[in-house]
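In: What shape does this take:
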Amino acid sequence: MAKRKTATAKTATATTANAADTITSPETAETIATDTGAEIVLQTNFTMIEQDAVALLHAASLLVEADTPEKANIALDHNLRLWVAIKTVLQNEENTLEPAVKANLRNLAQYVSTTTMEATTGSIEAAKLVSLSRINMHIAEGLLRGQQNRMVQERAYEIWEREGRPDGREMDHWLRAEAEIAEMLQQR
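Out: Numbering: from 1, shown residues only. Predicted coordinates for the structure are as follows:
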């Protein structure tokens, strides 16, 4: 169990800025001292799949690697700001996510907030940190899988059109498109 310092007297920004004092690695301190996750989500409006997925995975890794109270405090604050940013962009009318997806993400944001606030009253179990990190990893994986499915769908449609729009060949077109997209993604 990691003890978590109460951050109510500090602003979230001050806590993150002081992170460099508690982390020994300069590269890690620099990464944590910047609030890249929240900034990315706010800039992309949660529509740049790869960037948003990286932000979620970064926050997940901070949570998993939090082996001291100071690191747990930093990771929780970073993750909370990320989820506040996600909740903020979900309220933006320009966000194109499906209403059901938005509702699910808002519920997850509430869970993250509640769990993080519970931690400010004392200690947080390692299992809670793992739970929060898994949420981030699953959302990132879902974003990437959804993007890949859209790419396959678009490619299957192109194949169907190129072949003269034949009936009854949907599965063939889909499988060819899947293979092409998988090969393309492996080459990245």
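In: for the record, mean pLDDT for stretch 49-62?
Out: Across stretch 49-62, the average pLDDT comes to 88.
In: from the middle of its chain, how far away would that stretch be?
Out: 4 Å (C-alpha atoms, centre = their mean, to the nearest Å).
In: For the protein, which segments count as helices?
Out: 12-17, 19-22, 26-33, 36-44, 49-64, 69-90, 99-119, 126-162, 170-187 (DSSP state H).
In: Residue nearest the middle of the chain, spatially speaking?
Out: L56 (2.4 Å; C-alpha atoms, centre = their mean).
In: quick one: contacts for that residue?
Out: 37, 82, 136-137, 139-140, 143 (C-beta atoms under 8 Å, 6 or more residues apart in numbering). Where C-beta positions appear, they are placed from N, C-alpha and C, glycine not excepted.
In: Who wins on neighbours among those residues?
Out: In terms of neighbour count, L82 stands highest of the contacts of L56 at 28 neighbours, by other C-beta atoms under 10 Å.
In: how much space between A182 and M171?
Out: 16 Å (C-beta to C-beta, to the nearest Å).
In: between those two, who's got more neighbours?
Out: A182 (13 against 9).
In: In this structure, where is pLDDT below threshold?
Out: Low-confidence regions of the chain, defined by pLDDT under 70, span residues 1-36, 45-47, 120-123, 188.
In: 90 instead, please
Out: By pLDDT under 90, the weakly predicted segments of the chain are 1-55, 66-74, 85, 88-102, 115-131, 140, 142-151, 178, 180-188.
In: What number of neighbouring residues does the residue lying closest to I49 once chain neighbours are set aside come out with?
Out: Distance criterion C-beta to C-beta, 6 or more residues apart in numbering; nearest residue to I49, sequence neighbours excluded, is Q147 at 4.3 Å. Look at Q147: counted by other C-beta under 10 Å, it has 15 neighbours.
In: wait, isn't Q147 in contact with M48?
Out: No - the criterion here is C-beta atoms under 8 Å, and Q147 misses it with M48 at 10.0 Å.
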